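Visitor: have a look at this fold, sequence not included:
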């Protein structure tokens, strides 16, 4: 046996016979083998007996990181092979290494933070009829059409004490409903947020929901049939509304602990519990977010970072260029933010695309003032990237002109124009 790590309970992990990982609980050994892998090595363990390490699917194959907490999860640094996980602490933070373009880098991966907020008072969920009349005491919340009232419904939900710092990176968000009535007809609703820093509770004033300013982001939601009263599982969760929550917490006036409001409107019918029906079954907002590093670009030159992964955006001139900021953000696992002030950022096509390989928010001053000129922006697979208030122009590529994405890309208030694309991606 080759022991690698020990936790405070005296439980040990390591490698045995060069091909299998092992776990020792003080009394007996058990193997830790990634299913179907040629080799598994268990490198780290925390006090919850969560194990990390690496595996190889075949002899001589690349190493993939894994996490084992009763089931295996592969963790690979975006765009890199191999990935090797060395340790995990009791907060779930993982340390490891990866190799990209033949260069080894270390990384720290912090798990997403979670916030949950449920409707906490009668006036924090509401319905507005087509005539504009408000109902603050309905025992259910209608998504779509209310056959009892004979009207389409705009529903509003206000969530209080949302402890998310301003500018945090929203990784996932949804609303969990509980079934109040059995409904199966085809239903389609739009979900929007209120574009305000701190949403007030609902009132009986006519049109109180429809008169509120809306976020630019909105998300479609087509729930499956709700067939059992009291159900509150994955089938009663909305689509991912992270783009809506992101827009709200990015507002300059947002503060942690503020309230936010979400609206639905559409066709069909789903009946969800409301606060005045079963308070503990009222809508619940679930948000996962992360806090990353912010890099501020201060040069329009197109120069690479001197030492990606050292935490400092610095090209050979000592300045933070757009390319250097992206390379530094790529080297740090987890979401980061790059602020790009007004300027014309002319890319050197000889250096290559601006390749984004990790979660990122890239924000300019405005699409008229922050211009990425020439070259191409590339978003890698498994990345969640938001680009806002930027103009991307005169990009030329056989696989996407101005921007090409294999990941989850959202653009807001951007101009994509005068680019030339080939068979894959968008030109604009």
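Guide: Received the coordinates, thanks. All values reported here derive from a predicted model rather than from experimental measurement.
Visitor: what's the neighbour count on residue 30?
Guide: Neighbours of residue 30 under the rule other CB atoms under 10 Å: 10. Where C-beta positions appear, they are placed from N, C-alpha and C, glycine not excepted.
Visitor: is it true that it touches residue 21?
Guide: No - the criterion here is CB atoms under 8 Å, and residue 30 misses it with residue 21 at 9.7 Å.
Visitor: against residue 353, how distant is the nearest residue to residue 406 once chain neighbours are set aside?
Guide: Residue nearest to residue 406 in three dimensions, not counting chain neighbours: residue 381, with 4.3 Å by CB to CB, 6 or more residues apart in numbering. In this view, residue 381 and residue 353 are 15 Å apart by CB to CB, to the nearest Å.
Visitor: the more surrounded of these two?
Guide: Taking neighbours as other CB under 10 Å, residue 381 and residue 353 compare with residue 353 leading, 19 against 11.
Visitor: how long is stretch 10-21 from one end to the other?
Guide: 17 Å (CA to CA, to the nearest Å).
Visitor: let me fix that, I meant to ask about stretch 72-89.
Guide: 17 Å.
Visitor: ok, then the element right after the helix or strand hosting residue 22?
Guide: Using DSSP states H and E, the element containing residue 22 is strand 20-24. Using DSSP H and E, the helix or strand that follows strand 20-24 in sequence is strand 29-32.
Visitor: determine the longest strand present in this structure.
Guide: Ranked by residue count, the top strand of the chain under DSSP state E comes out as strand 151-162.
Visitor: show me what the helix or strand that that strand is followed by is packed against.
Guide: Once the chain leaves strand 151-162, the next helix or strand it forms, by DSSP H and E, is strand 169-176. Contact analysis of strand 169-176 by 3 or more CB pairs under 8 Å, 6 or more residues apart in numbering; DSSP states H and E lists helix 242-249, strand 284-290 as its packing neighbours.
Visitor: who touches strand 169-176?
Guide: For strand 169-176, contacts defined as CB atoms under 8 Å, 6 or more residues apart in numbering pick out 112, 157, 164, 191, 232, 236-246, 249, 262, 283-292, 334-337, 359, 361, 384.
Visitor: what mean pLDDT does that strand get?
Guide: Across strand 169-176, pLDDT averages out at 93.
Visitor: re earlier: may I see the buried residues of the longest strand of the chain?
Guide: For strand 151-162, the neighbour count (16 or more other CB atoms under 10 Å) marks 151-160, 162 as buried.
Visitor: repeat for stretch 378-385
Guide: So stretch 378-385, judged by 16+ other CB under 10 Å, has buried residues 378-380, 383-385.
Visitor: how far does that stretch sit from its chain's centre?
Guide: Centre-to-centre, stretch 378-385 and its host chain are 11 Å apart (CA atoms, centre = their mean, to the nearest Å).
Visitor: quick one: contacts of that stretch?
Guide: Contacts of stretch 378-385 (CB under 8 Å, 6+ apart): 78-79, 171, 335, 353-362, 400, 403-410.
Visitor: in ChimeraX, how would I select the buried members of the residues you listed?
Guide: Buried members of the contacts of stretch 378-385, defined by 16+ other CB under 10 Å, are picked up in ChimeraX with:
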select :78,79,171,335,353,354,355,356,357,358,359,360,361,362,400,403,404,405,407,408,409,410
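Visitor: show me the contacts of stretch 378-385 that map onto strands.
Guide: 171, 354-356, 360-362, 403-405, 408-410.
Visitor: include distance to residue 144 when you put the residues you listed into a markdown table, please.
Guide: Below are the ones in strands among the contacts of stretch 378-385 laid out as a markdown table (distance: CB to CB, whole Å):
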| residue | distance to residue 144 |
| --- | --- |
| 171 | 29 |
| 354 | 43 |
| 355 | 43 |
| 356 | 38 |
| 360 | 36 |
| 361 | 33 |
| 362 | 37 |
| 403 | 36 |
| 404 | 37 |
| 405 | 33 |
| 408 | 28 |
| 409 | 30 |
| 410 | 26 |
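Visitor: what's around residue 80, how many residues?
Guide: Residue 80: 22 neighbours (other CB under 10 Å).
Visitor: swap in residue 11?
Guide: With other CB under 10 Å as criterion, residue 11 counts 17.
Visitor: what of residue 375?
Guide: Counted with other CB under 10 Å, residue 375 comes out at 24.
Visitor: show me what contacts the nearest residue to it once chain neighbours are set aside?
Guide: With sequence-adjacent residues excluded and distances taken as CB to CB, 6+ apart, residue 375 is closest to residue 347, at 2.9 Å. By CB under 8 Å, 6+ apart, residue 347 lies in contact with 302, 323, 354, 372-376.
Visitor: one more: residue 313?
Guide: 295-297, 305, 320-321, 324-325, 328.
Visitor: among those residues, which lie within helices?
Guide: 324-325, 328 (DSSP state H).
Visitor: now the buried members of the residues you listed.
Guide: Buried among the ones in helices among the contacts of residue 313 by 16+ other CB under 10 Å: 324-325, 328.
Visitor: what is the nearest of those to residue 219?
Guide: Nearest to residue 219 among those is residue 325, at 29.2 Å by CB to CB.
Visitor: got the contact list for the closest one?
Guide: 295, 297, 305, 313, 338.
Visitor: got a ChimeraX select line for the buried ones in the contacts of strand 169-176?
Guide: In ChimeraX, this line selects whichever of those come out buried by 16+ other CB under 10 Å:
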select :112,157,164,191,232,236,237,238,240,241,242,243,244,245,246,249,262,283,284,285,286,287,288,289,290,291,292,334,335,336,337,359,361,384
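Visitor: what is the neighbour count of residue 150?
Guide: 9.
Visitor: same check, this time on residue 71
Guide: With other CB under 10 Å as criterion, residue 71 counts 7.
Visitor: against residue 404, how distant is it?
Guide: From residue 71 to residue 404 the distance is 34 Å (CB to CB).
Visitor: ok, now residue 302?
Guide: 18 Å.
Visitor: okay, buried residues for the one helix or strand in the chain whose mean pLDDT sits lowest please.
Guide: In the chain, no helix or strand scores lower on mean pLDDT, DSSP states H and E than strand 103-109, which sits at a mean of 80. Buried residues in strand 103-109, counted by 16+ other CB under 10 Å: 105, 107, 109.
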